[in-house]
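# what would the 3D arrangement of this be:
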Amino acid sequence: MSDRNERGCAHQIASCFPLSFTVIFLEVMLRHLTGLPIAMWEAWLQNPLQTSIPPIFTFTPDDWSILEAMFEVACFVSALLLGVSCWIAKEAVRYVRSVLLFSPRGSSTTFSPSVSRFVRISAPLDLAPVVIDAPSLTSVLDLLQDRINLSRPLSEILVDYALAETETREQTPITIRISLSHLLIITLIGPDGKQEICFLKNDAWVALVVYLAIQPRSMWMPKDTVLNTIYGGIEDAQYSLCKLHIRRIHRFLAENAKEAGLLPDQGGGTEGSLDITLIEHDPRDKGHPWRLTPTCQVEIFPRMGVLYQQVRLATEGKAPLLTLEELYSRCEEMMQEYGRGFLADHQPWHRTWRWARDLYLEYRNMCLHILDYAIQRARNTLTETELAPDERSQALGKIAMLYKWFALAASGLIPKEEQAEQALQESLAIFLELKDITAAEDAYQDYAESLAQKGEMWRPQATTEELWERVMAQATASRRFQRQHESRRRSSRKGRSQQ
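Sure thing, here's the model as predicted:
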């Protein structure tokens, strides 16, 4: 209503100016003409061909000054009318464009647009005005934390959606979810909810997809930035290689989707008509930017992210504490997801991706914070609670495993060597106390293998060597006892058989 009122006022003002100008001009001309003698008019009207024209356009200096002022006013009014006309034309073009974009198409295929593109909700309690069709725990926590959600007008969202639909000509029924942990997992979700998990074959493909995935949602990345970051140059060779990788990624996903029955078989293969688009390109922009399709959902360490928020809120007294059993179980799930760190399975040990370094450090520190919190909770329980011997042994075993996980997480691609080896020492000492030699051997061997994979020559500290020697001594004694026991048992069976 306010836009209509503003346009109405503009039309009225624009109409008043030319009317006022016309009235004033007529008034000046009539005053000038009435000053001419009537006899002169009669003589000219009786014989207009022989009588000279009355001096109509002879003006006094005062009349000329009035005409000059009126000419200036006429110029101002013309400029004003031109500006108002341009504004009205712009508004009209925008409305006509919206109507044309949403007019029915000739194609008989129908599609079900995503509800998040057409629905806007209010934002109570700092929630972002976004509707997520298939929310995960990570996406919900991201919305709760993000206080800088910049919403756009609904009309712009609708126009962007219509433009995207016009360019692609059809909407794929496949939903794509990208999960980033120690490796990249791409999940294709069909219209009926059926899922297909894909693992990219080439680490260069992974680097390209992950780099676009960690950018803000729907953000276009210039071509030169992508090429420099992923391929190390902006020459034609790197550009051609990037385009080749994008085509092969789309073809790979489309083939997996068809094999899983998520897409109908069109009989013509995927060459030339890609059924799945993960990476979009904007040829209209001079920078030739790329981005992930806005419908793609990206999550990074979803389990660890949720656990970290629960631990943080519990520490601040804003959420109930997890039980030790639940905390240990959640830490075990987190370590399965974390592995050796952010995309550690794809990055070379000797030379990590520089653009992924900050994210690696962020999630490594997050993992270590959770493990340290769990260790302190368990130790406080041991000192503050009287436990039965069996319960105490179980609690110590879990603390030793937590220390082992801490050592492995801290010895990743970008290690914290001092803290990692101290955690290993704590784990070995507790396993020795529990006489769990097998667990102690596993902890030491896993730690040594993680360092050997990086090509590092590890020299254990004196305390670590001493603990390992104790482990080996007990392991040797245990194996000797088992061999002796087996030998006596075989001898006993042999004697009974001879009798």
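
# need the three-state assignment for residue 413.
Recorded secondary structure, residue 413: coil (DSSP: H, G, I helix; E, B strand; the rest coil).

# that one touches residue 339, doesn't it?
No - distance between residue 413 and residue 339: 10.8 Å, which falls outside the contact criterion (Cβ atoms under 8 Å). Just so you know, the C-beta spots here come from the backbone N, C-alpha and C atoms, and that holds for glycine as well.

# the more surrounded of the two?
Applying other Cβ atoms under 10 Å to residue 413 and residue 339 shows that residue 413 carries more neighbours, namely 22 against 16.

# can you give me the pLDDT of that one?
Per-residue confidence at residue 413 stands at 88 (pLDDT).

# what sits against it?
Residue 413 makes contacts with 340, 341, 344, 347, 349, 352, 360, 454, as judged by Cβ atoms under 8 Å, 6 or more residues apart in numbering.

# now it: how far from residue 181?
With distances defined as Cβ to Cβ, to the nearest Å, the gap from residue 413 to residue 181 amounts to 14 Å.

# next: residue 442.
23 Å.

# so for the helix ranked longest in the chain, what's the average pLDDT?
Longest helix in the chain, counting residues (DSSP state H): helix 61-101. This predicted structure assigns helix 61-101 an average pLDDT of 73.

# over to stretch 189-209?
Per-residue confidence for stretch 189-209 averages out to 90 on the pLDDT scale.

# what comes up buried for it?
By neighbour count with 16 or more other Cβ atoms under 10 Å, stretch 189-209 contains the buried residues 189, 190, 196, 198, 200, 205, 206, 207, 208, 209.

# do I have it right that the last one meets residue 293?
In other words, residue 209. No - between residue 209 and residue 293 no contact is recorded; they are 11.5 Å apart, counting by Cβ under 8 Å.

# got any residues that touch both of those two?
Shared contacts of residue 209 and residue 293, defined by Cβ under 8 Å, 6+ apart, comprise 278, 279.

# quick one: residue 446 is in a strand?
No - secondary structure assignment (three-state DSSP) places residue 446 in helix, not in a strand.

# which one is residue 321 nearest to, not counting chain neighbours?
Ranked by Cβ to Cβ, 6 or more residues apart in numbering and with sequence neighbours excluded, the top spatial neighbour of residue 321 is residue 314, at 5.1 Å.

# touching, residue 238 and residue 229? I think so.
No - with contact defined as Cβ under 8 Å, residue 238 and residue 229 do not form a contacting pair (10.7 Å).

# what about the two, which has more around it?
Under the criterion of other Cβ under 10 Å, the comparison of residue 238 against residue 229 puts residue 238 first, with 18 against 15.

# show me what the helix or strand containing that one is packed against.
Assigned by DSSP states H and E, residue 238 belongs to helix 236-259. Other helices and strands packing on helix 236-259, by 3 or more Cβ pairs under 8 Å, 6 or more residues apart in numbering; DSSP states H and E, are strand 184-189, strand 195-198, helix 203-213, strand 279-281.

# so where do the strands sit in the protein?
Applying DSSP state E to the chain gives strands spanning 175-180, 184-189, 195-198, 279-281, 290-292, 297-300.

# mind listing what's buried in the last one?
Counting neighbours by 16+ other Cβ under 10 Å, one finds that the buried residues in strand 297-300 are 297, 298, 299, 300.

# figure out which of the helices and strands packed on helix 236-259 is closest to residue 76.
When the helices and strands packed on helix 236-259 are ranked by distance to residue 76, counting by Cβ to Cβ, first place goes to strand 279-281 at 48.2 Å.

# each with direction, which strands does that closest one pair with?
strand 290-292 (antiparallel) (DSSP bridges).

# just give the nearest non-adjacent residue to residue 239, would you?
The spatial neighbour of residue 239 that comes closest, neighbours along the chain excluded (Cβ to Cβ, 6+ apart), is residue 227 at 6.2 Å.

# where do the helices sit along the stretch 301-450 of the chain?
Using DSSP state H, counting those that start in this stretch, the helices of the stretch 301-450 of the chain run over 302-315, 324-338, 357-384, 389-410, 417-433, 437-453.

# between residue 442 and residue 181, who's got more neighbours?
residue 181 (23 against 14).

# show me what contacts the closest residue to that one other than its chain neighbours?
In space, and not counting its chain neighbours, residue 181 is closest to residue 337: 4.9 Å by Cβ to Cβ, 6+ apart. When contacts are counted by Cβ under 8 Å, 6+ apart, residue 337 touches 181, 182, 301, 302, 303, 304.

# if you count neighbours, what's buried in stretch 325-344?
Neighbour counts using 16+ other Cβ under 10 Å place 327-328, 330-331, 334-335, 337-344 of stretch 325-344 among the buried residues.

# let me fix that, I meant to ask about stretch 206-220.
Across stretch 206-220, burial judged by 16+ other Cβ under 10 Å covers 206, 207, 208, 209, 210, 211, 212, 213, 214, 215, 220.

# how long is that stretch end to end?
Its first and final residues considered, stretch 206-220 spans 18 Å by Cα to Cα, to the nearest Å.
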